[in-house]
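In: with the input below, show me the fold.
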Amino acid sequence: MNTRNNIFVLVFLFLFVQSAYAADWELLAENNDHQYYIDTNSIEYCETTCLWCIRCSSDTGESCLRDLPKHLVRVWTKKIFKHPEKYQEREELDFQEYACEKGMKRMLHATRIYADGRNYSVNLNVVLKWEAIASDSMSTLVKAYLCNKI
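Out: Numbers count the residues shown, from 1 in each chain. The predicted model follows:
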């Protein structure tokens, strides 16, 4: 393969990777301390009849299947801290799952980026704990945004 072909392949791969990971961050809300975003390109709707939707660990699989809601919505959210020195965090990236008809949510992945440049990520795919969405929380706005589209 000559150099021209190699460059063409590299450019093509770069464009493909960029489009595969393209995020479309939409500002959902803002207050004095934070900006809250939702990645509209990451929204996934599914029913529990889809095998890829079901995330149950083997030791609790039966109760997990029984407790799953009919519709699930997954999305990436981002919270940017306007004053990172005050909170010691610059950004939070979360992959969350919402159960619209139950008013519940759970975290599937979390990344924290700190003011000093450190970051921490944890994959929570096997954590089965659903939690109720507090009425005065940012999750209420995210749920309304997602669940109104079903």
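In: would you map the helices across the protein?
Out: Here the chain has its helices, by DSSP state H, at 3-20, 61-67, 84-87, 138-147.
In: end to end, how far does stretch 131-145 reach?
Out: 18 Å (CA to CA, to the nearest Å).
In: so which bits of that stretch are buried?
Out: By neighbour count with 16 or more other CB atoms under 10 Å, stretch 131-145 contains the buried residues 133, 138-139, 142-143, 145. Quick note: C-beta positions are derived from backbone N, CA and C, even for glycine.
In: and what of stretch 94-103?
Out: 94-100, 103.
In: ok, stretch 73-86 next?
Out: Quick answer for stretch 73-86 (16+ other CB under 10 Å): 73-81.
In: output those residues as TSV; include the columns pLDDT and distance to residue 26.
Out: What follows is those, written out as TSV (pLDDT from 0 to 100; distance: CB to CB, whole Å):
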residue	pLDDT	distance to residue 26
73	89	15
74	90	16
75	94	11
76	96	11
77	96	10
78	97	10
79	95	14
80	96	13
81	94	18
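In: take those and keep only those in strands.
Out: The strands, defined by DSSP state E, take in 73-81 from those.
In: tell me which two of these sit farthest apart.
Out: 73 and 81 (25.6 Å; CB to CB).
In: related to what we said a few turns ago, mind telling me which of the helices of the chain the model trusts least?
Out: If the helices of the chain are sorted by mean pLDDT, helix 3-20 sits at the bottom with a mean of 43.
In: measure stretch 132-141 end to end?
Out: 14 Å.
In: and which of the buried residues of stretch 131-145 is nearest residue 30?
Out: Distances from residue 30 to the buried residues of stretch 131-145, taken by CB to CB, are shortest for residue 138, at 10.6 Å.
In: could you report the neighbour count for the closest residue to the closest one other than its chain neighbours?
Out: Nearest residue to residue 138, sequence neighbours excluded (CB to CB, 6 or more residues apart in numbering): residue 36, at 5.3 Å. Neighbourhood size, residue 36 [other CB atoms under 10 Å]: 19.
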